[in-house]
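Enquirer: Compute the structure for the input listed below.
(chains A, B and C)
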Amino acid sequence: MPKTIAAADRLLSFPLTLRRYQVYGEDAANYFDGKLFRKVFTLADKHFLLSLREANGGVAFNVQPATRSQAVWQTAEHIARQILGLDFPLAAFYQFAQRDPILRDLTQKFHGFRPTLATTPFESIVTSITAQQINLQFAFKVRSRLVRRYGKRIVVDGQVYFAFPTPEQLARVKVSSLRQLQFTEKKSEYIIALAKTILAGELDLHALAHQPDAEITEQLTALRGIGRWTVDWFLARHLGRGHAFPAGDLGVRKAVQHFYFNGKEKREDELRAFARRWGEFANLATHYLLTGVALGA
DNA sequence: TTCCAGGACGACA
DNA sequence: TGTCGTCATGGA
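Expert: Numbering: from 1, shown residues only, chains lettered A, B, ... in the order given. Model (predicted):
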C-alpha cells in the first residue's frame, strides 16, 4: 500500500525536480519517465524497488517486493526525501530571493524546483569522479555501464532494475575492466582505491554527515582523485548543505557570470566571495541559476 | 580539425 | 604557490 509524503512547506514541482534524471540520457540507477521515478535501494543485504509518483498534494511512494517491515519503509521515505530534496527550506529561500531580482525571477519561473540529492555518499562520489572533465551526457553513459556491469540486478513485474554498485563490489574490480567501460585509467584507479579504502575500514563515508565542511574537505581531498570540486558537489548534492557552492564547476561559473557579470570571466575565489551573499541559500541559488541556464531563463 | 565538457595530478619554476 | 601539460572520449 503506497504512502504519501510532502515537503513541510508543500512546495514541490515533481517534473522539474526529477528532470535531471531524464535530460542526460540513460541513468541505469535512477529511472524516470516523466511521471514515475524508480530506484533500487538496499537494506540488510536485501534489495527493494522504490517508486515515486505525484499524488494529491504530495508524492506517493511504494516499495516492492511488498513488505510490512517498518525499517524498510522508513528507509524508503528517507531516500524519497533525498531524491526530491524535500528538506531544503524552499519557502524561506523564496522569501530571501525577493531581494535579488535575478533569483526572484528564477524562483517564479521554476516554482517548486528542488535540488535532488544522491542517496548514498559512495554513489555521490563515484558519480562525481565519473563526471570529472567530461560532458554530462557521456558521464551518464559511462556510469550506467558501471551500474549494469557491477550493480545488483533485481526483477520487479518482469522489469530489470539495478542497484548502484557497493564498495564491496567495486573493490574487487580491475582497472582494465573499468577501462573497458571507457573510464580513464586514472578514474578507474580512483574509484577502485576509494572502494578498497572503505572496505578496509579506513574511511567511513556515512560518518562524514556529522562533520563540519572543513573536516570533510580535509578527509576527502586526502584521497587520490578527489579535489575541491568533488567535495563541493558532495556537500551540495549529497549532504544538501545550504551554503555549499561549487565555485570551481564550469557550469556554475558560467551561470553566475551569465546572470550577474554579463558573461565576464571571474576567478574562482572571486565567485566564492560573491556567493557569500547567499549564505545558507547558496546551494539553492546555485541550482536555480544552473536550471536557468539549462532551460534558457 | 579543433575545442570544450559539472577536474585532478604531477612536474616545474 | 601558481602554472602548465597530460589524461581520454564524445559531440558540436
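Enquirer: where do the strands sit along the stretch 51-200 of chain A?
Expert: A:58-64, A:153-156, A:159-162 (DSSP state E, counting those that start in this stretch).
Enquirer: for those strands, which one sits closest to A:Trp278?
Expert: A:Trp278 sits nearest to strand A:58-64 of all the strands of the stretch 51-200 of chain A, at 27.3 Å, using CB to CB. (C-beta placed from N, C-alpha, C; glycine too.)
Enquirer: So which elements touch that closest one?
Expert: Applying 3 or more CB pairs under 8 Å, 6 or more residues apart in numbering; DSSP states H and E, one finds that strand A:58-64 makes contact with strand A:3-5, strand A:46-55, helix A:70-83.
Enquirer: coming back round to it: for the strands of the stretch 51-200 of chain A, which one ends up most surrounded?
Expert: Most buried of the strands of the stretch 51-200 of chain A by mean neighbour count (mean count of other CB atoms under 10 Å) is strand A:58-64; its value is a mean of 19.
Enquirer: on that earlier part again, can you put the helices and strands packed on strand A:58-64 in a markdown table and add mean neighbour count?
Expert: Output for these, formatted as a markdown table (neighbours: other CB atoms under 10 Å):
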| stretch | mean neighbour count |
| --- | --- |
| strand A:3-5 | 14 |
| strand A:46-55 | 18 |
| helix A:70-83 | 17 |
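Enquirer: Out of the ones you listed, flag the one nearest DNA strand C.
Expert: helix A:70-83 (26.6 Å; CB to the nearest atom of the strand).
Enquirer: how about the residues of the stretch 1-150 of chain A near DNA strand B?
Expert: A:20, A:128, A:131-136, A:138 (CB under 7 Å from any atom of the strand).
Enquirer: Pick the one among these closest to A:Thr291.
Expert: A:Arg20 (9.3 Å).
Enquirer: Do I have it right that that closest one meets A:Thr116?
Expert: Yes: when contacts are counted by CB atoms under 8 Å, A:Arg20 is listed as touching A:Thr116 (5.8 Å).
Enquirer: any shared contact partners between these two?
Expert: Counting by CB atoms under 8 Å, 6 or more residues apart in numbering, A:Arg20 and A:Thr116 have no contacts in common.
Enquirer: where does the stretch 151-297 of chain A come near DNA strand C, residue by residue?
Expert: Checking the stretch 151-297 of chain A against DNA strand C by CB under 7 Å from any atom of the strand, the hits are A:182, A:184-186.
Enquirer: Pipe those residues into a markdown table and attach neighbour count, distance to A:Thr217 and pLDDT per row.
Expert: Formatted as a markdown table, these follow (neighbours: other CB atoms under 10 Å; distance: CB to CB, whole Å; pLDDT from 0 to 100):
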| residue | neighbour count | distance to A:Thr217 | pLDDT |
| --- | --- | --- | --- |
| A:Gln182 | 14 | 29 | 93 |
| A:Thr184 | 16 | 24 | 93 |
| A:Glu185 | 11 | 26 | 92 |
| A:Lys186 | 13 | 21 | 93 |
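Enquirer: Return only those of those found close to DNA strand B.
Expert: A:184, A:186.
Enquirer: near DNA strand B at all, the strand or helix carrying A:Thr230?
Expert: A:Thr230 is part of helix A:228-237, with elements assigned from DSSP states H and E. Yes: using CB under 7 Å from any atom of the strand, helix A:228-237 reaches DNA strand B at A:228-231, A:233, A:236-237.
Enquirer: Among those residues, name the buried ones.
Expert: Neighbour-count burial (16 or more other CB atoms under 10 Å) applied to the residues of helix A:228-237 next to DNA strand B gives A:229-231, A:233, A:236-237.
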